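[1] model the structure of this input:
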Amino acid sequence: MTSHANPSSLLGSSDRTLSAALPAGATIHAWLKAARAGTPAELRASQAGREIGRLTADNSEEFELQTLVLEAGGETALAYDAATTAVSVVYAFSNDEVLEKGIQVLHGGEENAAPAVPGSYHFRPPFGWMNDPNGFGRFADKVHLFYQHYPHSLRWNTMHWGHAVSDDYLHWRHLPVFLFPSAELSARDDGRGGAFSGSAIPLAGEEPGIRIFFTEQVKDRLPDEQIQLTAVTRDQITAGPAEIILPERPAGLDLTMDFRDPYVLKGPDGRWKMLLGSRDHAGGVILLYETADPDAAGGWSFVGILHRENRFGMTAAECPCIVPLDGSVDDPQTRWALIFGLLTSRDPTTGRRNITIATVGRFDGRGFVKEFEQELDFGTDAYAFQAFVDQSEPVGIAWLANWTEISKKIDFPTAMTLPRRVLFKEGALLTPPVEATESLRQQLLDESRLTTGEKVELGNGAVEIIIDLAAAGATFDLEFDHPDVELGLRLDPEGLSILYDVPDGKWLPRYIAAGARPSTLRVFLDKGSIEVFADNGRWTGTKRLPGFEGVRSARLNAPAGNIASAKIWQLKL
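    Next up, the predicted model:
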């Protein structure tokens with residue numbers, strides 16, 4: 001693929017040409033916008049000097065998706081005049097091969113370009129903004145990840161669903177944009193709403209289709225800004241027409257306008273259940289719906305409030321999910337993990353915001369009885385966690401960010417966390433990384449110098465550090481050299497802390513797992529993030545780091561005899 005100015009034009013001309021060798025039957029998706037009102041945008045496709053198609057768009061306020069299917073294969077040129085035509089994204093794919101090969105990105109602008117992060121091993125979109133994971137699950141023989149997406153800039157705006165697939169949770173193939181906002185919302189880039197978060201289930205029968213559920217948000221719509229819709233894809237690539245299944249909030253509960261993020265699963269009684277996040281004037285609530293429809297396509301009825309969280313005041317519960325932990329779905333003795341975020345919550349002790357709670361208890365399909373709860377991530381930058389049962393155990397993933405750091409004035413390209421197992425062991429919930437992460441280990445950088453207190457260079461900063469302590473809770477300080485922040489990891493009598501500070505002197509929260517006394521730690525560093533898994537994920541901490549420079553070096557300080565061993569692995573996809 002190449003992109004260049006037309007060589008036959010005069011210097012300073014606004015003519016542009018994209019070219020790529022594409023197979024017969026390939027589909028091209030191009031987002032175009034008129035550079036000035038009244039003059040249509042135009043993209044001309046040609047092969048061997050012969051025009052084969054022309055895409056146009058009249059909208060000067062927002063990019064329009066236009067599609068071209070190639071009858072013949074070969075070198076294909078896409079030409080446009082930048083004086084009249086703005087181009088956001090152009091990619092190509094073959095329908096019968098895209099699940100195996102992904103899309104071929106032909107063009108992306110500076111406004112929506114993914115960060116240059118060679119060697120990074122976290123999932124990022126190929127262009128544009130990303131936040132919550134949606135519809136995370138295995139369908140047919142592949143793991144699918146849908147996600148909140150705005151293709152045209154690195155800032156939150158009108159929501160779409162992006163899409164990718166993987167065979168191992170680590171190596172992802174990007175697919176065409178899957179779900180689009182309504183025509184009304186797509187007309188302007190004013191961020192009034194779009195296709196918000198949701199989930200996915202397999203279609204009944206032998207066909208490898210998927211049914212998705214999502215919230216449509218339209219700001220200031222009456223009587224409800226947020227309603228629930230469903231759509232079906234039979235090719236696993238493109239969503240069909242959406243249908244409304246829940247047009248309004250349940251009455252009589254004093255709920256705010258928050259009514260979103262449907263998570264659908266098969267319940268212990270064999271019926272489909274739906275969890276939704278909301279809030280009333282006391283706190284966050286999780287609503288439960290159910291249907292007897294075997295396809296989950298309709299007939300949804302309100303069961304009641306499944307769970308309530310009032311400790312943080314009037315915070316919205318959002319992005320709920322529930323998964324069985326230690327038994328089959330229909331066994332009444334099975335424990336379940338009910339996981340949800342609390343938007344705008346603030347922990348008064350540490351100042352951390354937007355806490356994610358994991359509540360463990362019994363679920364019979366209509367009620368949930370809590371046994372205990374714990375915080376999912378003491379770093380708080382694993383938000384909108386979504387899990388599903390993959391074969392024998394749950395696996396989840398989260399957005400590697402926190403809304404407290406989002407600004408409409410700052411571009412904010414982010415990532416997803418490492419995928420994590422969800423386990424129940426000895427009265428606690430564990431979220432270690434999936435076993436496939438061990439395959440990222442490419443080279444052993446060190447197994448002796450870190451234990452002696454030497455500074456160890458970390459190459460490009462994409463590393464895993466494994467520390468075994470001589471005794472549970474043995475204290476240490478792990479110092480990192482990062483170009484933009486003061487960063488470290490500390491275990492002391494107070495607990496396990498990610499030390500994070502910025503040079504502007506602004507007061508920041510304390511990222512601490514109070515009282516933690518682990519024996520082993522795995523620390524994953526990447527460009528833009530740190531993830532800490534102590535005692536196989538009994539205490540997990542995730543923190544997004546500013547910029548995309550890697551941590552340059554590490555030094556371990558500990559009293560004599562506290563460290564049994566320490567290793568550093570260079571990681572690479």
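
[2] hey, where'd the helices end up in this protein?
    98-101, 183-186 (DSSP state H).

[3] which among those is found nearest to Arg490?
    Among the helices of the chain, helix 98-101 comes nearest to Arg490, with 44.8 Å by Cβ to Cβ. Placement of C-beta: from N, CA and C, glycine included.

[4] winner for burial among the helices of the chain?
    Of all the helices of the chain, helix 98-101 carries the top mean neighbour count, a mean of 16, counting by mean count of other Cβ atoms under 10 Å.

[5] average pLDDT for that one?
    On average, the pLDDT along helix 98-101 is 97.

[6] for it, which helices and strands make contact with it?
    Counting by 3 or more Cβ pairs under 8 Å, 6 or more residues apart in numbering; DSSP states H and E, the packing neighbours recorded for helix 98-101 are strand 172-174.

[7] partner strands of the strand it packs on and their direction?
    Using DSSP bridges, strand 172-174 pairs in its sheet with strand 160-166 (antiparallel).

[8] now render the helices of the chain as CSV, adding distance to Arg308.
    Formatted as CSV, the helices of the chain follow (distance: least, Cβ to Cβ, whole Å):
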stretch, distance to Arg308
helix 98-101, 41
helix 183-186, 32
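
[9] what residues are up against the closest residue to Ser328 other than its chain neighbours?
    In space, and not counting its chain neighbours, Ser328 is closest to Thr334: 6.3 Å by Cβ to Cβ, 6 or more residues apart in numbering. The contact partners of Thr334, taken as Cβ atoms under 8 Å, 6 or more residues apart in numbering, are 268, 324-328, 362-363.

[10] returning to that earlier point: quick one: closest of the helices of the chain to Leu287.
    Minimum separation from Leu287 across these (Cβ to Cβ) falls at helix 183-186, 24.5 Å.

[11] setting the sequence-adjacent residues aside, check what's closest to Glu435.
    Counting by Cβ to Cβ, 6+ apart, the residue nearest Glu435 is Arg421, at 7.8 Å.

[12] how about the contacts made by Leu496?
    Neighbour list for Leu496: 378, 489-490, 512-513, 516, 518, 532, 534, 539, 541 [criterion: Cβ under 8 Å, 6+ apart].

[13] now His482
    Counting by Cβ under 8 Å, 6+ apart, the residues that His482 touches are 545, 549, 551-552.

[14] and if we set it to 10 Å?
    His482 makes contact with 461, 488, 500, 525, 530, 545-547, 549-553, according to Cβ atoms under 10 Å, 6 or more residues apart in numbering.

[15] which two in the residues you listed are spaced the farthest apart?
    Taking every pair in the contacts of His482 and measuring Cβ to Cβ, the maximum separation is 18.2 Å, between Pro546 and Ser553.

[16] before we move on, back to that, out of the contacts of His482, which end up buried?
    461, 488, 500, 525, 530, 545, 550-551 (16 or more other Cβ atoms under 10 Å).

[17] how about low-confidence regions in the stretch 401-550 of the chain?
    407-411, 505 (pLDDT under 70).

[18] at which residues are the strands of it located?
    415-416, 420-421, 423-425, 428-430, 441-446, 455-457, 463-469, 476-481, 486-492, 495-501, 511-514, 520-526, 529-534, 539-544 (DSSP state E, counting those that start in this stretch).

[19] and the nearest residue to Ala45 once chain neighbours are set aside, how many residues sit next to it?
    Among residues not flanking Ala45 along the chain, Gly53 sits closest, at 4.3 Å (Cβ to Cβ, 6+ apart). Other residues lying near Gly53 total 18 when counted by other Cβ atoms under 10 Å.

[20] next: Ala292.
    Neighbours of Ala292 (other Cβ under 10 Å): 12.

[21] that one touches Gly270, doesn't it?
    Yes: when contacts are counted by Cβ atoms under 10 Å, Ala292 is listed as touching Gly270 (9.3 Å).

[22] how is this protein divided into domains?
    2-93, 130-430, 436-571 (automatic domain parsing).

[23] now those domains as JSON lines including distance to Val117?
    Formatted as JSON lines, these follow (distance: least, Cβ to Cβ, whole Å):
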{"stretch": "domain 2-93", "distance to Val117": "19"}
{"stretch": "domain 130-430", "distance to Val117": "9"}
{"stretch": "domain 436-571", "distance to Val117": "5"}
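
[24] Lys101 is nearest to which of those?
    Of all the domains of the chain, domain 130-430 comes closest under Cβ to Cβ, at 6.8 Å.

[25] got a pLDDT number for Thr2?
    Turning to Thr2, the model gives it a pLDDT of 41.
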